[in-house]
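A.B. asks: no letters, just coordinates:
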Ligand SMILES: Nc1nc2c(ncn2[C@@H]2O[C@H](COP(=O)(O)OP(=O)(O)OP(=O)(O)O)[C@@H](O)[C@H]2O)c(=O)[nH]1
Ligand SMILES: [Mg+2]
């Protein structure tokens, strides 16, 4: 019975995610879902990415947090429209929350929508939101073993961004080992290495993202 309830919740979410997808298609919006542990650098990568993309594409952001609007304010400082969702305790966004947030955005004026999920490396991966691509960030201080200890998010993603490469000296994070582990978990993963502090590697990621936006859907 318990299993059935969980399945019902996920099935209901899938249905709403498809509705969101139809809305995005109708308005020609490319959607990126960003996932990671708390503090891996989702907002930092978003800010860097928006600085490069907004001259070419009108962007907007849906921010998911348990409480508060700190991240939405950081996005507003870059001059990009943002909507904050407070989950009130839930460890992930779901398609219903995103659908509700869309009513606060001017969809005809958006080409790329970024959704920053709640900081959590496990729960968000179970809930599709209607996105085109899913990106999971792993930051070097978390350790390269997280790819094999928490494989779901990486298995369910199109992209892995290894962030905080500027901190790799002095901690036990082997980038080559991380890349190998990632590809073992998901051979289709596109892998990028960034430092949001120095900006290193951000261009390669935004160039690839722009190519995906231009070509429409998926990797
Ligand atoms: N050294 C270094 N610090 C970084 C880098 N990227 C982010 N940070 C720092 O890491 C901390 C967390 O970054 P955020 O961008 O807020 O992380 P987040 O994933 O959005 O966090 P939540 O939304 O709370 O889950 C901040 O102090 C950032 O300045 C990086 O590449 N290098
Ligand atoms: Mg954040």
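C.D. replies: Perfect, I can see it now. None of the values given here were measured: they were computed from a predicted structure. Ligands and ions are numbered 1, 2, ... in the order given.
A.B. asks: residues touching the residue of the chain found nearest ligand 2, list them.
C.D. replies: The chain approaches ligand 2 most closely through residue 43 (3.3 Å), counting by CB to the ion. No exception for glycine: its C-beta is placed from N, CA and C like everyone else's. Under the criterion of CB atoms under 8 Å, 6 or more residues apart in numbering, the neighbours of residue 43 are 71, 74-75, 116.
A.B. asks: can you give me the buried ones in whichever helix or strand it is part of?
C.D. replies: Secondary structure here is read from DSSP states H and E; on that basis residue 43 sits in helix 42-53. Of the residues in helix 42-53, 42-50, 52-53 count as buried by neighbour count, 16 or more other CB atoms under 10 Å.
A.B. asks: cool, and stretch 117-127?
C.D. replies: Of the residues in stretch 117-127, those scored as buried under the neighbour-count criterion (16+ other CB under 10 Å) are 117-121, 123-125, 127.
A.B. asks: need the longest helix for the protein.
C.D. replies: For the chain, the helix that runs over the most residues, judged by DSSP state H, is helix 2-27.
A.B. asks: which is the next helix or strand following that one?
C.D. replies: strand 30-36.
A.B. asks: paired strands for that next one, with orientation please.
C.D. replies: strand 112-116 (parallel), strand 133-139 (parallel) (DSSP bridges).
A.B. asks: show me the shaky parts of this structure.
C.D. replies: Where the chain drops to pLDDT under 70, the residues are 1-2, 217-219.
A.B. asks: count of neighbours near the closest residue in space to residue 102 that isn't next to it in sequence?
C.D. replies: Take residue 102 and drop its neighbours on the chain: the residue closest to it by CB to CB, 6 or more residues apart in numbering is residue 23, 6.5 Å away. The tally of other residues near residue 23 (other CB atoms under 10 Å) stands at 16.
A.B. asks: swap in residue 37?
C.D. replies: Other residues close to residue 37 by other CB under 10 Å number 20.
A.B. asks: before we move on, what about residue 198?
C.D. replies: Counted with other CB under 10 Å, residues neighbouring residue 198 total 10.
A.B. asks: can you check residue 72 too?
C.D. replies: 22.
A.B. asks: wait, it touches residue 83, no?
C.D. replies: Yes - A contact is recorded between residue 72 and residue 83 when judged using CB atoms under 8 Å, the distance being 7.2 Å.
A.B. asks: residues that sit against both of the two, list them.
C.D. replies: Common neighbours of residue 72 and residue 83, counting by CB under 8 Å, 6+ apart, are 61, 63.
A.B. asks: where's the residue minimising distance to the centre of the chain relative to residue 129, distance?
C.D. replies: Nearest to the centroid of the C-alpha atoms of the chain, with distances taken as CA atoms, centre = their mean, sits residue 34, at 0.7 Å. Residue 34 sits 11 Å away from residue 129, taking CB to CB, to the nearest Å as the criterion.
A.B. asks: next, show the common contact partners of those two.
C.D. replies: Counting by CB under 8 Å, 6+ apart, the contacts common to residue 34 and residue 129 are residue 115.
A.B. asks: one step back: so what's the gap between the longest helix of the chain and the chain middle?
C.D. replies: For helix 2-27, the distance from its own C-alpha centre to the chain's C-alpha centre is 18 Å (CA atoms, centre = their mean, to the nearest Å).
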